[in-house]
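> build the 3D model from these lines:
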Amino acid sequence: MPGQRKRRRHQQEEARRAAERFVPARGHWEVLFSTQDETQWQRGLRVLRATDTRIDWSAVRIDILCGRVVQPTTYRLSQFVPAAAPGPDQDAAEH
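The predicted model follows:
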C-alpha cells in the first residue's frame, strides 16, 4: 500500500520518543482515576476531558487490567509526573 512504510516509520519514531520521555528515571505514573465499572469509566473520562485543564493529555496512560471470574476488569487513568529537579546542593546520583 502506498505510504505504508512512511506511516510505519512515523509510528515507530513516535513510540521511541514516548519511550524516552517516560523512562522511570524522569518521573513516575500517578493514578488520576480508577474504577471497575465501564459506564462510570466512560463518564469519568468525559468529565475530565471537559473540565480538568491541568491534565496534560499527551502524558496520560490508559490501563485496562483484564479481569477474571474472581477479579473484575479495572480501568485506570494515569498521568506521568516528572521527577523534581535536584537542587544546587544535591547530587543527582542521590535520587
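> quick one, strands of the protein?
Using DSSP state E, the strands found in the chain span residues 27-35, 60-65, 74-82.
> let me know the pLDDT of the residue nearest to the spatial centre of the chain.
Nearest residue to the geometric centre of the chain (C-alpha atoms, centre = their mean): Arg61, 2.2 Å. On pLDDT, Arg61 comes in at 91.
> what angle separates the lowest-mean-pLDDT helix or strand in the chain from strand 60-65?
The helix or strand of the chain with the poorest confidence is helix 4-21; it has a mean of 87 (mean pLDDT, DSSP states H and E). Interaxial angle of helix 4-21 relative to strand 60-65 (axes from the mean of the first three to the mean of the last three C-alpha atoms, to 10 degrees): 90 degrees.
> rewinding a little: CSV for the strands of the chain, including distance to Gln12?
In this view, the C-beta of every residue, glycine as well, is placed from N, C-alpha and C. Converted to CSV, these look like this (distance: least, C-beta to C-beta, whole Å):
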stretch, distance to Gln12
strand 27-35, 23
strand 60-65, 19
strand 74-82, 21
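> pick the most deeply packed of the ones you listed.
Across the strands of the chain, the average number of neighbours (mean count of other C-beta atoms under 10 Å) peaks for strand 74-82, which reaches a mean of 16.
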